[in-house]
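Visitor: sequence plus the predicted model coming up.
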Amino acid sequence: MPDGVATHHVTQPDVTGPVTAAEARREESGGVFWTLVIGGLMLVVASWLLPWFVEETSNGIGASPQDALTQLFSGGPTGVGSFVVAVMGLAMLALVAGVVYDAVGNVTKRWAPMRWAFWRGVIAAVGLVCAVLIWILIGVNREEPLFGNITNLASTDNAVWMTMVGFGVLAFAYLMRDFVMQRSGVAFTIVAFIVGGLFPLIFNQSASFIGWGASIAAVYILLALGLNVVVGFAGLLDLGYAAFFAIGAYTTASLNSPRHGIYLSFWLIIFIGAAVAALFGAILGAPTLRLRGDYLAIVTLGFGEIIPDMAKNNLFSQTGGPNGITGIHHPSIFGYDFGLDSRSYFWALLVVIALAVITLRNLEHSRIGRAWIAIREDEIAANATGINTISTKLLAFSIGASVSGFAGAFFGAYLGIVTPEDFEFAVSVTVLSMVVLGGIGNITGSAVGGLLIAFVIFWILPHAQEWTGTFGATTGVTSLSTIDFSQYKFIIYGVILMAVMLLRPGGLLPSRARRVELQSGIESEALAAVQGKA
Amino acid sequence: MSGFLEVDTITKRFGGLLAVHDVSFEVNEGQIISMIGPNGAGKTTAFNCITGLYPVSAGDIRFMGRSIVGLAPHRVAKLGITRTFQNIRLFSYMTAVDNVMVGEHCRMRARVWDAVFRTPRARREERTVEARALATLRKMGLERYSDAYARNLPYGLQRRLEIARALASNPKLLLLDEPAAGLNPQEKVELMGVISRLRDEGLTVFLIEHDMRVVMNISDRIVVLDHGEKIAEGEPAEVRNEPRVIEAYLGHGAASASAG
C-alpha cells in the first residue's frame, strides 16, 4: 500500500449522531435500559392504582399502599403488615421521584440524569423484599389458599404480584446497570420472558386479562415481529398483512374442525398453516415484487381486502361465509387438553414468540439479513453487487407471512372460531402502527410496540367506559358512562402515528441504522450540499 | 475472435432517443480500458447494458465467450463483472465492513436453514467472510473505518469503499463509473495508484472517466463515445490526436485548427 493511503487524513464530516456501529450500540443499550426502568416503574405505579380500578380497597394486611400510608400517618400503624406496606410505598415514591428528578434535570439541562443509580437499585431491592413479605403475610393470614376461589381480595393479590415484578425489574435494571448496558439484548430478553412467563400468575384473578394476553397481546406481538421482517428489514411496505394472518387461521381451522371433518394434530397444523401462508406470500410476491414503494403498498392493500372478501363469499363453499368456521378443536399436549384455559395458550405462544425472536435475530445477522437491509438501502446497488433481489424479497415476504401463519393458528385454536371480520384492514393498520411505534427494523422495538398498542387499543379502550362510568357515578357526572371509547380506535392510531413521526421518527426503540439516519441525516446532508457533494 | 469482454454492435433506445447506437469494442484481459466522451455520450448507458441493469435493444455482449445479454444484474455479478456507480450508491446506513460483506453475498453459500439455526458451517463462513472483508478494506486503506457507517465517511473514502464492495465478490472485470469525480488532486493520484495495482494483480478494469490526466496516464486502451456512437478506439497516444475526438471535446473549429 502506498504511504499516502495509510497516512491519509481527511476531516470527518461534523455529525452529531453515532458515527460508528459501536456508538450506535451504546445508544441502543440506553434505550433498553430506559424501557426496563419505565416499564418496572409503570408496573409499580399500576399496582398502586389497580385496587381503585377493579374494586374498592380492603383494609389491614394486604391493603393497597395508599391505605397503609394513610393509616400510618393518621392513626399510627395497625400491625406489622402496615409497616411493611408503608416501607414499600415509600420505596415506590422514592423511585418515582427519582425518575421525575432525572426528567427535570434532562429538560432543564441543569444536572446529568441517572445519578445514584446504585442507591435506587438498593431502594428497589428493599421494595422487592417488602413486596415478598406482604405476599407471605397474605398467604399466612388468610384462610383461603392464595390461588383459590378468592373474590374479595382478588385485586390485592394481583397488585402485590405486580409490585413484586415491578420492583424486581427496577432492581435488576439499576443494580445490574453495567450488564444491561453491555448486553442490552440479552438483558431485555431475560426480563421480557420472565415477566411474560409470570403474567398469568400476576393476573391470575383476572381471567379476562389473561385472555387478552393470550388472544391479543401475544398474537399481535407475533404479527408485529413478522411484519417487521417485510417492512423493517426488507423495506417493503405491506398494507395487507392481515391476509396472511387470515390464511394461517383459515388453514388451521379447516384442518381441525367439523367443517371438513378433518382432525389433524394442532402441532402439525401450525406448521401447515405457516407453510401455506408462506406459499401465499410467495404467490403474492412473485408478480408484485418488481413494483417499488407506493405501488407495492397499493397492491398489498388490495390483496388484504381480497382475502377476507373471498372468505366472506364462502370460496368454493370451503370457508363458511360470514359465519366463518366454527368448532375448531382445542389443542392438547401430552394428554393435557388446552381447552378454554387461556394460560396454556399464552405460555405456548410465549414459546413460539421466543423461537420467532431467535429465528429472526439469526436471520437478521446472517447473509440473508444483510441482503434484506442492502435492498432496503439501495435496491439497484444491491442487485449489481450480486444479490438476487427478487428471490431475496420473496423470502422476506414468505418468512413474514409464515410468522403470521403461526399467529393465525393459535388465534383460531384459542377462540374456536374464525370469521372474516377478524382479518379486516384494521388488523393490518394495527400491526403496522405497532411496528412504527416500536421502531421499524428493530425486533425488540416491534415486540414492545406490539405490547403497548395491544394494551391501549384492546384493553384500555374497551374498559375505559367502565372506568369513567364508575368515576362518573362517584362524582355525580353520569354522562361520563355514555362515552364509547372503542369508536375512537382510529383516532388513537392516527395520533400515535403522527406523534411518532413528529417526535421520535425512529420509534420508541429505533434500529441502529435508523438512529444514524435521524441523528446524522440533517446535518450531514446540509454539509454535503454546501460542499457540493450531495 | 474471442476477447475477454466483447461488446458487439449494441444499441439502446429509450423511446425515440438513441442512447447507444451500434457500438462495438473489446476489453482485453489484464488491461485498463477507459471509455471517454462528452456528457450524454452514452457511456453510463453502455455500462448499464453490460451489467444487466438495462436490457439492450439490439446487439450482443459476450463475457469470456458467453453471451450475457438478458441476464439479471446479480447473474452478471456472479459471472465476475462488478461495478461502481457515478453517483455513489453505498448502503448508507450499514457499516463499511457490512457494505463489503454484502459484496461477498454471491460467494457465500449459507442457505436459509443455515442462517436460522446458525449451523457451524454458517458461522465458519461468516467468520471467513468477515476476515476477507476486513482484508479488502485494508487493501483500499479503509481498515480504520470498518465500524463506521458508510454515510458518515468522507466523500473520497466513500468512493473507495464502493470499489472495495465491488472487489469483495472477487470479480474478473471491474467497471468503474467516474471513480475520480469529485476527488481532489491528491486523492486522484492515490486512486490511480490503487487502480494500477489492481491491474497488476491481474484484474481487468474498465472505467469511465472525464479527467484526461487520469485517463491518459493509466489506460492501456481508450474507447471514445459521442452521441451514442463510437468515434475512436485505440491507445492513448492515438486517441489523443484523433481529429474526431478533438472535435467532440473542443468543437469543430478546434479540430480543423489542430489538423491544420
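Guide: Good, I have the coordinates.
Visitor: going by C-alpha atoms from here, please, whenever you check contacts or count neighbours.
Guide: Will do.
Visitor: any idea how far residue A:307 lies from residue A:398?
Guide: 16 Å (C-alpha to C-alpha, to the nearest Å).
Visitor: ok, those two, which is more surrounded?
Guide: residue A:398 (28 against 21; other C-alpha atoms under 10 Å in any protein chain shown).
Visitor: now the more buried one. Nearest residue, chain neighbours left out?
Guide: Computed as C-alpha to C-alpha, 6 or more residues apart in numbering or on different chains, the closest residue to residue A:398 that is not its neighbour in sequence is residue A:278, at 4.2 Å.
Visitor: give me the domain ranges for chain A.
Guide: A:20-205, A:206-514 (automatic domain parsing).
Visitor: from the chain's centre, how far out does the last one sit?
Guide: Centroid displacement of domain A:206-514 relative to its chain, using C-alpha atoms, centre = their mean, to the nearest Å, is 12 Å.
Visitor: what's the average pLDDT for it?
Guide: Mean per-residue pLDDT for domain A:206-514: 84.
Visitor: on that earlier part again, I'd say the residue nearest to residue A:398 and residue A:406 touch.
Guide: No: using C-alpha atoms under 8 Å, residue A:278 makes no contact with residue A:406, being 10.5 Å away.
Visitor: what about those two, which has more around it?
Guide: A direct count of neighbours by other C-alpha under 10 Å for residue A:278 and residue A:406 places residue A:406 higher, at 31 against 27.
Visitor: could you look up the SS state of that one?
Guide: helix (DSSP: H, G, I helix; E, B strand; the rest coil).
Visitor: middle-most residue in the chain, spatially?
Guide: This is for chain A. residue A:451 (2.7 Å; C-alpha atoms, centre = their mean).
Visitor: my question was about chain B
Guide: Centroid check for chain B by C-alpha atoms, centre = their mean gives residue B:175 as the closest residue, at 1.5 Å.
Visitor: surely that one is within a strand?
Guide: Yes: residue state for residue B:175 (three-state DSSP) corresponds to a strand.
Visitor: low-confidence ranges, the stretch 1-150 of chain B, go.
Guide: For the stretch 1-150 of chain B, the stretches with pLDDT under 70 are B:1-2.
Visitor: ranges for the strands of the stretch 1-150 of chain B?
Guide: Here the stretch 1-150 of chain B has its strands, by DSSP state E, counting those that start in this stretch, at B:5-14, B:17-27, B:32-36, B:58-63, B:66-67, B:81-83.
Visitor: turn those into a markdown table, including mean neighbour count and distance to chain A.
Guide: Shown next, in a markdown table, are the strands of the stretch 1-150 of chain B (neighbours: other C-alpha atoms under 10 Å in any protein chain shown; distance: least, C-alpha to the nearest C-alpha, whole Å):
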| stretch | mean neighbour count | distance to chain A |
| --- | --- | --- |
| strand B:5-14 | 19 | 17 |
| strand B:17-27 | 19 | 20 |
| strand B:32-36 | 26 | 19 |
| strand B:58-63 | 19 | 16 |
| strand B:66-67 | 14 | 18 |
| strand B:81-83 | 28 | 6 |
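Visitor: before we move on, back to that, go through the domains of chain A and pick out the most buried.
Guide: Of the domains of chain A, the one with the most neighbours on average (mean count of other C-alpha atoms under 10 Å in any protein chain shown) is domain A:206-514, at a mean of 21.
Visitor: sorry, back to before: quick one, what contacts the residue nearest to residue A:398?
Guide: Contacts for residue A:278 (C-alpha atoms under 8 Å, 6 or more residues apart in numbering or on different chains) come out as A:244, A:397, A:398, A:399, A:400, A:401, A:402, A:405.
Visitor: same question for residue A:264.
Guide: A:255, A:256.
Visitor: so how far is residue A:311 from it?
Guide: Noted for residue A:264: a distance of 22 Å to residue A:311, by C-alpha to C-alpha.
Visitor: likewise for residue A:221?
Guide: Using C-alpha to C-alpha, residue A:221 is found at 24 Å from residue A:311.
Visitor: strands of chain A, start to end?
Guide: Assigned by DSSP state E, the strands in chain A fall at A:256-257, A:262-263, A:325-326, A:332-333, A:336-337, A:417-418.
Visitor: ok, which of these comes nearest residue A:137?
Guide: Smallest distance to residue A:137 across those (C-alpha to C-alpha): 33.6 Å, for strand A:336-337.
Visitor: which strands and helices sit next to the closest one?
Guide: Judged by 3 or more C-alpha pairs under 8 Å, 6 or more residues apart in numbering or on different chains; DSSP states H and E, strand A:336-337 is in contact with no other helix or strand.
Visitor: pairing partners for that strand, with directions?
Guide: Here strand A:336-337 has these sheet partners by DSSP bridges: strand A:332-333 (antiparallel).
Visitor: give me the neighbour count for the residue of the stretch 101-250 of chain B at minimum distance from chain A.
Guide: Here the residue of the stretch 101-250 of chain B nearest chain A is residue B:148; by C-alpha to the nearest C-alpha that distance is 3.9 Å. Using other C-alpha under 10 Å, residue B:148 has 21 neighbouring residues.
Visitor: so it sits against residue A:21, correct?
Guide: Yes: the criterion here is C-alpha under 8 Å, and residue B:148 meets it with residue A:21 at 6.1 Å.
Visitor: which neighbours do these two share?
Guide: Common contacts of residue B:148 and residue A:21 (C-alpha under 8 Å, 6+ apart): residue B:95.
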